[in-house]
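Trainee: Predicted coordinates and the sequence they were generated for:
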Amino acid sequence: MEKIKCNFIVCGPAVGKTYLAEHDSRFIDLDEMKATYKYGLEKKSRIQKERGKANRGSAVNFDSYEYITKIIDKVILDKKIGMLSFNEKLLKYLLDNNISYCLVYPSKECRLEYTQRMKTRGNNEIFISKMTDLDVWNEFYNKNINDSRAKYKIELEKGKYLSDIKDYFV
């Protein structure tokens, strides 16, 4: 595969954003940063954050969009690679500012594997159901397949994580 030259990876849950950010300083988990800021989760452990997905309570910081767009700009200046979940408002920010991104998504056949990944990392059943419901999963997959805005696209096969493709990014 050719080397990927962009500062952002847009991807779904359970692909290994947090793990990769913790093990390779080139990568930054912007989702983790945004959620921590928005919901005031600075004192929560990672497992507490995972268990609380889909049930985080009320936002405590209402400028999380502005907060994360400033970090997006810093990621570019620092020549890092930011990782975001699929979020139309943030995608619009990237596109409006001519910032290319790589879309990374699981293959359609990986739904049960991702269900297990979410269970293993401690996500609650509401979050897991919301992310892996068959109709939602198929809709998400089709949205990714049909996305023509991404400069690069990578479909993760069974058993693959972001850390398995990290060397494609320069």
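Mentor: On my side now, so go ahead. Bear in mind the structure is a predicted one, so any value in this text is a computation, not a measurement.
Trainee: how far out from the middle of the chain is the lowest-mean-pLDDT helix or strand in the chain?
Mentor: Within the chain, no helix or strand scores below helix 46-52, which has a mean of 78 by mean pLDDT, DSSP states H and E. On the basis of CA atoms, centre = their mean, to the nearest Å, helix 46-52 sits 16 Å off its chain's mean C-alpha point.
Trainee: what about the helices in this structure?
Mentor: Along the chain, the segments classed as helices by DSSP state H run 17-23, 30-39, 46-52, 64-77, 88-96, 111-120, 125-132, 134-145, 162-165.
Trainee: could the ones you listed go into JSON lines alongside mean neighbour count and distance to E155?
Mentor: C-beta coordinates here come from the backbone N, C-alpha and C atoms, glycine included. Listed next are the helices of the chain as JSON lines, based on neighbours: other CB atoms under 10 Å; distance: least, CB to CB, whole Å:
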{"stretch": "helix 17-23", "mean neighbour count": "18", "distance to E155": "17"}
{"stretch": "helix 30-39", "mean neighbour count": "19", "distance to E155": "20"}
{"stretch": "helix 46-52", "mean neighbour count": "15", "distance to E155": "25"}
{"stretch": "helix 64-77", "mean neighbour count": "15", "distance to E155": "24"}
{"stretch": "helix 88-96", "mean neighbour count": "14", "distance to E155": "18"}
{"stretch": "helix 111-120", "mean neighbour count": "16", "distance to E155": "13"}
{"stretch": "helix 125-132", "mean neighbour count": "16", "distance to E155": "17"}
{"stretch": "helix 134-145", "mean neighbour count": "14", "distance to E155": "8"}
{"stretch": "helix 162-165", "mean neighbour count": "18", "distance to E155": "11"}
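Trainee: which secondary structure elements does the least confident helix or strand of the chain contact?
Mentor: helix 30-39 (3 or more CB pairs under 8 Å, 6 or more residues apart in numbering; DSSP states H and E).
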